[in-house]
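Colleague: What would the 3D arrangement of this be:
(chains A and B)
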Protein chains: 2
Amino acid sequence: MNMSRVKYPLPLKIAGVGRYLPKHIVSSRELEERCGLEPGWCERKQGVRERRWVEDETVSFMAAEAAKEAVANAGMSLADIDLIIGTSQASDQAIPAGSSLVQQELGLGDSGIPCMNITAACLGFIVAMDLSANLLMVGRYRNILILTSEITSFNMDFNNPNVCTLMGDGAAAAVVTRPLPGESSGIHAVHMETYSEAAQASSIYRGPVRNTLFNKNLPSSGMEFDYDPQGIQTAAMKYNQKFLAKLWPMSNKDIIKLIIPNQASRFSIDMMKFVFPADRIMGVIDRYANCGAVGYPLALYEAISRDRIQGGDMVLMQGGGAGFSLVGMVFVY
Amino acid sequence: MNMSRVKYPLPLKIAGVGRYLPKHIVSSRELEERCGLEPGWCERKQGVRERRWVEDETVSFMAAEAAKEAVANAGMSLADIDLIIGTSQASDQAIPAGSSLVQQELGLGDSGIPCMNITAACLGFIVAMDLSANLLMVGRYRNILILTSEITSFNMDFNNPNVCTLMGDGAAAAVVTRPLPGESSGIHAVHMETYSEAAQASSIYRGPVRNTLFNKNLPSSGMEFDYDPQGIQTAAMKYNQKFLAKLWPMSNKDIIKLIIPNQASRFSIDMMKFVFPADRIMGVIDRYANCGAVGYPLALYEAISRDRIQGGDMVLMQGGGAGFSLVGMVFVY
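Modeller: Numbers count the residues shown, from 1 in each chain, chains lettered A, B, ... in the order given. Model (predicted):
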């Protein structure tokens, strides 16, 4: 496998961001009581103080709310969007693609705006930005709406505290477009690798097909997220450092203003502290927990809305997730 | 929404194709008996004589078999592939992405070859070709393996003859790459539209999330494919003709050597006969039924292996599917 021969920068500007947070806040204390854990366990072990879990919100509703904010934040209207890419693992139904259901929720049912979904677990947002940059460069599309929305709290197993205390619900979205002449926004590096030797370290067994018919050793019910922290950490320790060096020369790391790691676990954030100063690393897991594909754009949203990055700043988004895949991108906001 | 401003042709050559057909053949006669239908019903109504249904094959196994044939057919080895795009609806499990599981099945677990999935129901293969052409043009990747593999026969409802007689299992794959200097291969038009006003005409309700918790009117069990032929036909009649005219000037339709419609139903193939002569339309539904995303590349495989197209021939792949989405592509093979 060879590195790509892209001529950087690729043209991509984050024109607007949006998010939706479910109204219902679940404190770590509440979960510690429910699961019989000692007080403070969640924050110490997971780095999570609270998370949002849906009550009546659907995946499509949350995505649509985040989309509306992102489009308004971009100074656009929905009619300006010419592609919708969904990147969530969760969907209100398996077919059609979740992005179609969000198009419907947005009242765009007769708009014709093309809808597709891409999936790469927690890493979907970066993959969608990568694909979008190529589409923008070629001129295939001009204003792309990237959606993430996850309900992870569905069917939660309270006998598995490692998982149930770690997961949160929410949505975030971004509108990406070509930078105008004179604007410095663009992607300066992007890279992805997948090592399926660790495919089972982070998995949901029950997909649209697999059940005991195909594998009698699988659990007999539920859509449980099966998460082996040790397996993921082993894969990350084996591959992440090398991956980062391929993505970006570490001699040049000081020009990166903000690092957004995968908001998957305390480990996925802390791992970046081996390479970058802690005050340049963005974490939102303390308030939202692991929201799957929502993590990256949710952290990006806070980085922008809290002025941790300004136009012209260089940002690194990088991390590993189910696959086991590593994705990384260096871009000028 | 405006049409894209792409400078055609986009560089894409189909370097190799492969397929896997499950060993077990289910005749229409057998299903007619099982469902209490009169002899000949399936062929008359669905245009289907027989279909394949898996016994012990998995989604990943079938995809890997098709992938090996496609890579060999391209004169490559697996190490030449630098991106794997899965486009199936079915997967052996929900997380990680199905393409990762196929990477593992291919013995590439430590290869690092990036794996992602895109979903657009039956239309995923064309969407993946579209994305691939952009990635190849920019130089992001060089040899892309596109996978389709579906098990639709899982949990089949024999009280719903409209669906159970229509569906089949199988896999097909293609390797796409940049044409060499002097080669005429390339994409001359590509377009996509989604009209979610018909989102529920072709759907599987039970995704990773939705269940009776969110919608008490949904069926209480199963992953059943809910297919409303009337709804799909209405949407297709409303939009398809206009879509075709946007994709390609109909005054120039005679240079298209072969038309590959969506292999979703007798209707989806017959609809093309309003526009093109029947002898230029490729159908494989009679032997394989509706295999979801596998339909397009399976028909392409037969078109190539039976010499219905040669290098330099112009091909149209076009049709509608769940979303409700329309996708079309005109390319030189």
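Colleague: Could you report the pLDDT at residue A:159?
Modeller: In this prediction, residue A:159 carries a pLDDT score of 87.
Colleague: Can you get me a residue count around it?
Modeller: A count of nearby residues for residue A:159, using other Cβ atoms under 10 Å in any protein chain shown, gives 9. All C-beta atoms are positioned from the backbone trio N, CA, C, and that covers glycine.
Colleague: And for the one 3 residues further on?
Modeller: Neighbourhood size, residue A:162 [other Cβ under 10 Å]: 13.
Colleague: show me the contacts for the closest residue to residue A:284 other than its chain neighbours.
Modeller: Ranked by Cβ to Cβ, 6 or more residues apart in numbering or on different chains and with sequence neighbours excluded, the top spatial neighbour of residue A:284 is residue A:299, at 4.9 Å. Listed by Cβ atoms under 8 Å, 6 or more residues apart in numbering or on different chains, the contact partners of residue A:299 are A:260, A:263, A:282, A:283, A:284.
Colleague: What is the nearest of those to chain B?
Modeller: Proximity of the contacts of residue A:299 to chain B (Cβ to the nearest Cβ) peaks at residue A:263, which lies at 16.4 Å.
Colleague: Now pLDDT too, for the contacts of residue A:299, in a markdown table please.
Modeller: Formatted as a markdown table, these follow (pLDDT from 0 to 100):
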| residue | pLDDT |
| --- | --- |
| A:260 | 98 |
| A:263 | 96 |
| A:282 | 97 |
| A:283 | 96 |
| A:284 | 97 |
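Colleague: Out of the residues you listed, which comes closest to residue B:74?
Modeller: Distances from the contacts of residue A:299 to residue B:74 were compared by Cβ to Cβ; the smallest belongs to residue A:260, at 37.7 Å.
Colleague: Confirm that the closest one sits in a helix.
Modeller: No. Applying DSSP: H, G, I helix; E, B strand; the rest coil, one finds residue A:260 to be strand, outside a helix.
Colleague: coming back round to it: per-residue confidence for the residue nearest to residue A:284?
Modeller: Confidence at residue A:299, expressed as pLDDT, is 98.
Colleague: One more: residue A:211?
Modeller: Predicted confidence (pLDDT) at residue A:211: the value is 38.
Colleague: burial of residue A:183, as a residue count?
Modeller: When neighbours are counted by other Cβ under 10 Å, residue A:183 registers 13.
Colleague: From residue A:310, how far off is it?
Modeller: Distance, residue A:183 to residue A:310, by Cβ to Cβ, to the nearest Å: 13 Å.
Colleague: and what of residue A:283?
Modeller: Using Cβ to Cβ, one gets 20 Å for the distance from residue A:283 to residue A:310.
Colleague: Could you do residue A:142 as well?
Modeller: If you measure residue A:142 against residue A:310 using Cβ to Cβ, the figure is 25 Å.
Colleague: try residue A:120
Modeller: Separation of residue A:120 from residue A:310 (Cβ to Cβ) stands at 29 Å.
Colleague: again, but for residue A:35
Modeller: When Cβ to Cβ is applied, the distance between residue A:35 and residue A:310 equals 42 Å.
Colleague: Looking at those two, which has the bigger crowd around it?
Modeller: Neighbour comparison, residue A:35 and residue A:310: the larger count goes to residue A:35, with 16 against 9 (by other Cβ under 10 Å).
Colleague: Could I get the contacting residues of the nearest residue to residue A:310 once chain neighbours are set aside?
Modeller: For residue A:310, the nearest residue in space outside its immediate sequence neighbours is residue A:333; the separation is 7.3 Å by Cβ to Cβ, 6+ apart. Residue A:333 makes contacts with A:14, A:185, A:304, A:309, A:310, A:311, A:312, A:313, A:314, A:315, as judged by Cβ under 8 Å, 6+ apart.
Colleague: Any stretches of chain A with poor pLDDT?
Modeller: Across chain A, the stretches falling below the confidence threshold (pLDDT under 70) are A:1-4, A:155, A:205-225.
Colleague: what do you get if the cut-off is 90, keeping everything else the same?
Modeller: For chain A, applying pLDDT under 90 flags the ranges A:1-5, A:56, A:58, A:88-97, A:121, A:151-164, A:199-233.
Colleague: residue closest to the middle of it?
Modeller: Averaging the C-alpha coordinates of chain A gives a centre point, and the residue nearest to it by Cα atoms, centre = their mean is residue A:293 (2.8 Å).
Colleague: would you list every one of the strands in the stretch 151-300 of chain A?
Modeller: Taking DSSP state E, counting those that start in this stretch as the test, the strands found in the stretch 151-300 of chain A are A:170-177, A:186-194, A:202-204, A:225-227, A:258-261.
Colleague: export those to JSON lines and tack on mean neighbour count and distance to residue A:85?
Modeller: Listed next are the strands of the stretch 151-300 of chain A as JSON lines, based on neighbours: other Cβ atoms under 10 Å in any protein chain shown; distance: least, Cβ to Cβ, whole Å:
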{"stretch": "strand A:170-177", "mean neighbour count": "29", "distance to residue A:85": "9"}
{"stretch": "strand A:186-194", "mean neighbour count": "23", "distance to residue A:85": "16"}
{"stretch": "strand A:202-204", "mean neighbour count": "23", "distance to residue A:85": "21"}
{"stretch": "strand A:225-227", "mean neighbour count": "21", "distance to residue A:85": "23"}
{"stretch": "strand A:258-261", "mean neighbour count": "25", "distance to residue A:85": "19"}
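Colleague: Save these as CSV, and put in distance to residue B:146 too.
Modeller: What follows is these, written out as CSV (distance: least, Cβ to Cβ, whole Å):
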stretch, distance to residue B:146
strand A:170-177, 24
strand A:186-194, 15
strand A:202-204, 23
strand A:225-227, 28
strand A:258-261, 30
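Colleague: want to try TSV for the ones you listed, with distance to chain B as columns?
Modeller: Converted to TSV, these look like this (distance: least, Cβ to the nearest Cβ, whole Å):
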stretch	distance to chain B
strand A:170-177	13
strand A:186-194	4
strand A:202-204	4
strand A:225-227	7
strand A:258-261	19
